[in-house]
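Trainee: Got a predicted model here, sequence first, then my questions.
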Amino acid sequence: PSLVMVSVIDDDNFVLSLLVTIFIQLSFFAIAVATKSENLYDFAGGLNYIFVFVMTLALNNEGSGNVRGIVLSVLVCISRAFLGSFLLFRVLSRKGDGRFDEARENPCKFLVFWVFQIFWVFLISSPVIYVNGSGGDPGLGAVDYLGFAIVAFGIIFQIVADLQKYSFRANMENKGKVCDVGVWSISRHPNYFGEVMIWWGAFVVAVPSIQDQNEYWALWTVVSPIFTMFLLLFVSGIPLAEGNKLGRFMKTPEAKSEFLEYFSSTPPLIPFVPFLYKLLPSWFKCIFCCEFPMYAYSDLKQQILTGEQKDVAGQKSDGPMA
């Protein structure tokens, strides 16, 4: 049966969700400016997701009958609750976030981060907003179960990755070492891989509702996983952790050798068998495994891209890298 919806502003509550997101983010921005602290930035993002998901589901007058929306909303709320809490705990433990070092004293520069998060939250949330806000609720089928499984897998993978790395970093004996335990042995950024899987799964769940309503314009919500991948691969994810930042793992000849071995045998995002990944040609890694040149440490970039890392990893340097 068709669901009866409450349309506050627009039929699918996209505009309402955007306005709520703007209000939430600007409210937290005001707090951040007043306290000159970025500690609540990631927490604000997580809270924003949860509020939008619960709101759009609640606006469904027959919410108890929207099984698709309920299951998807519960899954993504669990994901955002964990991530928001974990990132808040981490920033409080570190007493700050280096991303904001040049912005927290300047309200205009600071605002850029919060405006960016407005677009981030809204675009990434779009498949869930549509599932909760559309009038279509066809019976659950194979596509839905596949989407739920992908989302659940992504959540578990992300949580395991974050906890494994936290445990690794908590051991002072691992200071200066690259985390290569557990899922970090098959991906250099398994937490990002989990994040990508969550939003691809959410989009998959939205497809049956889009087809049922013949609202193929809503396929634009595929921007959710695509934008997630774009950000993590080219903007705020891997680029901020790799490239010249990798020098911290190569301060001694031994550490350099160990890291080059890890770098050459472990893909940046999509998990793969290490010894097989090491055998792949550089062009294949770049096209199919997202191993882009900008991820390589500057003075080793050509060696890594041309496959010479196999030899370099087994050699000792004359001294620590700059």
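Mentor: Thanks, I have it.
Trainee: Mean confidence (pLDDT) on the helix or strand harbouring Y166, please.
Mentor: Using DSSP states H and E, Y166 falls within helix 142-170. Model confidence over helix 142-170 averages 97 on the pLDDT scale.
Trainee: any idea which helix or strand comes after that helix?
Mentor: Elements were assigned by DSSP H and E; along the chain past helix 142-170, the next helix or strand is helix 190-213.
Trainee: which helices and strands does that following helix pack with?
Mentor: Applying 3 or more C-beta pairs under 8 Å, 6 or more residues apart in numbering; DSSP states H and E, one finds that helix 190-213 makes contact with helix 67-94, helix 107-133, helix 142-170, helix 223-230. Every C-beta, even on glycine, is put in place using the N, C-alpha and C of the backbone.
Trainee: Quick one: closest of the ones you listed to F203.
Mentor: Each of the helices and strands packed on helix 190-213 was checked against F203 via C-beta to C-beta, and the shortest separation belongs to helix 107-133, namely 4.6 Å.
Trainee: Would you indicate which residues of the closest one are buried?
Mentor: Judged by neighbour count (16 or more other C-beta atoms under 10 Å), helix 107-133 contains these buried residues: 110-111, 113-114, 117-118, 120-133.
Trainee: cool, and stretch 88-107?
Mentor: When neighbours are counted by 16+ other C-beta under 10 Å, the buried residues of stretch 88-107 are found to be 88, 91, 97, 100, 103-104.
Trainee: now what about it, what contacts it?
Mentor: Outside of stretch 88-107, the residues that reach it under the criterion C-beta atoms under 8 Å, 6 or more residues apart in numbering are 32-33, 36-43, 109-110, 112-113, 166, 236, 240.
Trainee: end to end, how far does it reach?
Mentor: From its first residue to its last, stretch 88-107 covers 21 Å (C-alpha to C-alpha, to the nearest Å).
Trainee: Mind giving me the packing neighbours of the helix holding Y166?
Mentor: Packing contacts for helix 142-170, counted by 3+ C-beta pairs under 8 Å, 6+ apart, involve helix 67-94, helix 190-213.
Trainee: relative to helix 67-94, how tilted is that helix?
Mentor: Calculated by axes from the mean of the first three to the mean of the last three C-alpha atoms, to 10 degrees, helix 142-170 forms an angle of 10 degrees with helix 67-94.
Trainee: tell me which residues in helix 142-170 are buried?
Mentor: Of the residues in helix 142-170, those with enough neighbours to count as buried (16+ other C-beta under 10 Å) are 144, 147-148, 150-152, 154-155, 157-162, 164-165, 168.
Trainee: what angle separates it from helix 190-213?
Mentor: Relative orientation of helix 142-170 and helix 190-213, computed by the same axes, to 10 degrees: 160 degrees.
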